[in-house]
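J.: Return a 3D structure for these sequence lines:
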Amino acid sequence: MRNVQAEVARILIEKLGIAESEINPDTNFVKDLGIDSLDYAEIVMDFEQTFDIRIPDEDAEKLSTIGAAISYIENKLKEKGQ
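T.: As a prediction, this is how the structure comes out:
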């Protein structure tokens, strides 16, 4: 099985230029990382492309922390049998 946590961390480090030490499951995308809605939309698109999944807008709005995003992606991959 893929290491979703490592892939998510890689995407965030590349896109946002943040340190790996800033990434933990409780890190909030907006409050802790200060990203805006455009950055968030780009990150969600990166998640979709990297993991070959679809994240509906109503689901994306609920993914406020890195941990929530990782859990969501892992569940989507399980549904696909990956």
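J.: going forward, measure contacts between C-alpha atoms and count neighbours the same way
T.: OK.
J.: Let me see the contact set for the most centrally placed residue in the chain.
T.: For the chain, the residue sitting closest to the mean C-alpha position, by CA atoms, centre = their mean, is A69 at 4.5 Å. Residues counted as contacts of A69 (CA atoms under 8 Å, 6 or more residues apart in numbering) are L63.
J.: how about the residue lying closest to D36 once chain neighbours are set aside, phi and psi?
T.: Residue nearest to D36 in three dimensions, not counting chain neighbours: V30, with 6.8 Å by CA to CA, 6 or more residues apart in numbering. Note on V30: its backbone torsions stand at phi -90, psi -50 [degrees, to the nearest 10].
J.: number of nearby residues for V30?
T.: Applying other CA atoms under 10 Å, we find 14 residues neighbouring V30.
J.: Quickly note the distance from P56 to V4.
T.: Look at P56 and V4: by CA to CA, to the nearest Å, they are 19 Å apart.
J.: Could you check the strand or helix carrying the residue nearest to the centre of the chain and say which residues are buried?
T.: Following DSSP states H and E, one finds A69 within helix 66-80. The neighbour-count check on helix 66-80 (16 or more other CA atoms under 10 Å) flags I66, G67, A68, A69, I70, Y72, I73, E74, K76, L77 as buried.
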